[in-house]
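Novice: Need coordinates for the following:
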Amino acid sequence: MSANSLSAPMSANLRGSLFMILAMALFAIEDMFLKAASVVLPVGEILILFGFGGAVVFGGLALKRGEALVPRDVFTPVMGVRFVFELTGRLFYVLALALTPLSSTTVILQATPIFVVLGAMIFFGERVGWRRWTAIIIGLIGVLIVLRPGADSFTPLSMLAFIGMLGFAGRDLASRAAPKSLSTALLGFYGFITLIIAGASYAIWAGEGLVWPDMPSGTYVALAVFSGVFAYSSLMLAMRTGDVSIVTPFRYSRLLFGVGLGVVFFGEHLDAQTLVGCAVIVFSGLVILSRGRSAHAG
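Specialist: Just a heads-up that it's a prediction; the model follows:
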């Protein structure tokens, strides 16, 4: 075996890992800008503007590739399920960003892989051994440590990020079952269209009026769109470069970026209980990923 044959996979894994870290940094920056915009703009309007910007970009990419924006496969039942989960995840996660600390919202989001594995077992019949089951239970305990139900510090707002996280997990599972004919650009396009619908629905339900964005808030939303599009593109590159089992654990780098931005720009502080819950969630996720890699290797 030549040196080149050994270095090629390592190089692909390194590139994929760097793309994943870049994606997580950009997603954290997107969250920061959306939270900053929420100081002036209503949540529904933020969702509408953010969704419109992302839909224009991904729709333009799809058209440039000669793809139809409304193919028949968009109307399949699984895409309807994906729409519901996408709407739930996006709406509740943006509400969490607006109303709760960025750092704690980011911590809870890290439980997504745990629920994706749980859902894959339930809905796709994937085999899960006792070690991964144990890791799932430990991860759920970590989420409870962060949410701390029953404690004096618990408020209903603490559940916003949790519901958003469940929505994202369901969306990821539905995306796996989505028709292969739908490209990443089309999935991104309809994901952002869902944001527009979620924002309009919430604005009507909450009785929110539209506010003309001032220069700072308009800039924040534009920068969130810019960051989000490049984050999504970097994530797709990461998942298509190198081994998934090696690249995926770098998703947890979002925790460092999200918590760091929350502390630096919003003056947030993490207490000991949140840090413990964070460590438990990350440990559980890494165990699940390592067991999945071992299963594939076997």
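Novice: from here on, contacts and neighbour counts on C-alpha atoms
Specialist: Noted.
Novice: Show me the strands in the stretch 151-298 of the chain, by range?
Specialist: Taking DSSP state E, counting those that start in this stretch, the stretch 151-298 of the chain contains no strands at all.
Novice: Could I get the average pLDDT for the helix or strand containing residue 35?
Specialist: Here residue 35, judged by DSSP states H and E, is contained in helix 3-37. Across helix 3-37, pLDDT averages out at 80.
Novice: again with stretch 255-267
Specialist: For stretch 255-267, the mean confidence score works out to 90.
Novice: any idea how far it is from the chain center?
Specialist: 17 Å (CA atoms, centre = their mean, to the nearest Å).
Novice: buried stuff in stretch 11-31?
Specialist: Residues of stretch 11-31 classed as buried: 12-31 (neighbour count, 16 or more other CA atoms under 10 Å).
Novice: Any stretches of the stretch 1-150 of the chain with poor pLDDT?
Specialist: Along the stretch 1-150 of the chain, the model assigns pLDDT under 70 to residues 1-10, 128, 149-150.
Novice: For residue 172, give its distance to residue 99.
Specialist: Going from residue 172 to residue 99 by CA to CA, to the nearest Å gives 25 Å.
Novice: Also residue 88?
Specialist: For residue 88, the distance to residue 99 (CA to CA) stands at 16 Å.
Novice: Can I get the helix or strand following the helix holding residue 35 in PDB? Just the C-alpha atoms.
Specialist: The helix or strand immediately downstream of helix 3-37 is helix 43-64, counting by DSSP H and E. What follows is helix 43-64 as a C-alpha-only set of coordinates in PDB (Å, rounded to 0.1, in the frame of the first residue of the first chain):
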ATOM      1  CA  VAL A  43     -40.200  36.900  16.300                       C
ATOM      2  CA  GLY A  44     -42.700  36.300  13.500                       C
ATOM      3  CA  GLU A  45     -41.200  39.000  11.300                       C
ATOM      4  CA  ILE A  46     -37.700  37.700  11.900                       C
ATOM      5  CA  LEU A  47     -38.800  34.200  10.700                       C
ATOM      6  CA  ILE A  48     -40.400  35.800   7.600                       C
ATOM      7  CA  LEU A  49     -37.400  37.900   6.700                       C
ATOM      8  CA  PHE A  50     -34.900  35.100   7.400                       C
ATOM      9  CA  GLY A  51     -37.000  32.600   5.500                       C
ATOM     10  CA  PHE A  52     -37.400  34.800   2.500                       C
ATOM     11  CA  GLY A  53     -33.600  35.500   2.300                       C
ATOM     12  CA  GLY A  54     -32.700  31.800   2.500                       C
ATOM     13  CA  ALA A  55     -35.400  30.800   0.100                       C
ATOM     14  CA  VAL A  56     -34.200  33.300  -2.500                       C
ATOM     15  CA  VAL A  57     -30.600  31.900  -2.300                       C
ATOM     16  CA  PHE A  58     -31.500  28.200  -2.400                       C
ATOM     17  CA  GLY A  59     -34.200  28.700  -5.000                       C
ATOM     18  CA  GLY A  60     -31.700  30.600  -7.100                       C
ATOM     19  CA  LEU A  61     -29.200  27.700  -6.800                       C
ATOM     20  CA  ALA A  62     -31.800  25.200  -7.800                       C
ATOM     21  CA  LEU A  63     -32.900  27.200 -10.800                       C
ATOM     22  CA  LYS A  64     -29.200  27.700 -11.800                       C
END
